[in-house]
Structures are given as C-alpha cells and as structure tokens.
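Enquirer: Just the structure for this:
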Amino acid sequence: MKLMEIKELLDAEVLIGEDTLNTEIYSAFACDLMSDVLAFVEDKSLLLTGLTNLQTIRTAEMMDIDAIVFVRGKIPNQEILTLAKENNMCILSTKHILYQSCGILYNKGLRGANIMHK
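Expert: Numbers count the residues shown, from 1 in each chain. Presented below is the predicted three-dimensional model:
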C-alpha cells in the first residue's frame, strides 16, 4: 500500500514528506511506548502513535522507519518536524484514534509488522 493511499484512507494531513507519498508500505506497528518499538519491531514499518516528541523521531530513525502517522489530531512541534525532515521521513496526522486508524488500514490489507518474540 502506498503512503498516498494511507493518507487518503485516514483522511490525514501531510506535515512533512509530500514528495514521498509514492513510497510502498508493507506493514504497520502501533503504540505509544517507544521502548516497545525498539524491543519488538523486526521489519521496516509504518509507525502509528500519539506520542509527539523527539523520542518518536529518534526511535524511528534507529529502526529505519520512514513514515509516522500521528493520531488523535496531534501535530508535533517544529523541532520534531525539522528532525523528521532531516531524516527524510514522511509525517502524517489524522484525527482518528489509534484503534480506528489501525482498523481502517488492516481492513484494507495492510498487515501488522513482524515482531521479535522474546
């Protein structure tokens, strides 16, 4: 599924990375605990979260995540957007809650991320 389709399905606003909307996304992972992203995400995925701080961008950078959807209408501050832009990330914001966002994407065929079992 391309980021453009994700944007449309979630009725999301592109905050950074308009030029990356043709990127293919194969899986998604959703949470607000960045330690879970570090501990469990095994593959490059779309990250859905309500956590709008620098830790989110730093975690995505470490995990080679190129796209983040901030849920519940959250908009990160300019410092966070600048860091995301420096890392060539696509940042979207949707008014949907996390649960609903995941359901919409799952229903349209986007699979969950492969996770490491500990």
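
Enquirer: partners of the residue nearest the centre of the chain in the sheet?
Expert: The structure's the chain has its C-alpha centroid closest to Ile68; by CA atoms, centre = their mean the separation is 2.2 Å. As for beta bridges, Ile68 partners with Leu47, Ile91 under DSSP bridges.

Enquirer: That one reaches Thr56, doesn't it?
Expert: Yes: using CB atoms under 8 Å, Ile68 makes contact with Thr56 at a distance of 6.6 Å. Where you see a C-beta, it was placed from the backbone N, CA and C, and this is true even at glycine.

Enquirer: Overlap of the contact sets of the two?
Expert: Listed as contacting both Ile68 and Thr56 by CB atoms under 8 Å, 6 or more residues apart in numbering are 47, 49.

Enquirer: hmm, back to that, so the residue nearest to the centre of the chain versus Glu18, what's the distance?
Expert: Per CB to CB, to the nearest Å, Ile68 is found 14 Å from Glu18.

Enquirer: Do a quick rundown of the strands in this protein.
Expert: Secondary structure of the chain (DSSP state E): strands at 13-16, 27-30, 46-49, 67-70, 90-93, 111-112.

Enquirer: any chance of the ones you listed in TSV, plus distance to Asp36 and mean pLDDT?
Expert: What follows is the strands of the chain, written out as TSV (distance: least, CB to CB, whole Å; pLDDT from 0 to 100):
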stretch	distance to Asp36	mean pLDDT
strand 13-16	23	98
strand 27-30	8	90
strand 46-49	10	95
strand 67-70	15	97
strand 90-93	20	98
strand 111-112	13	83
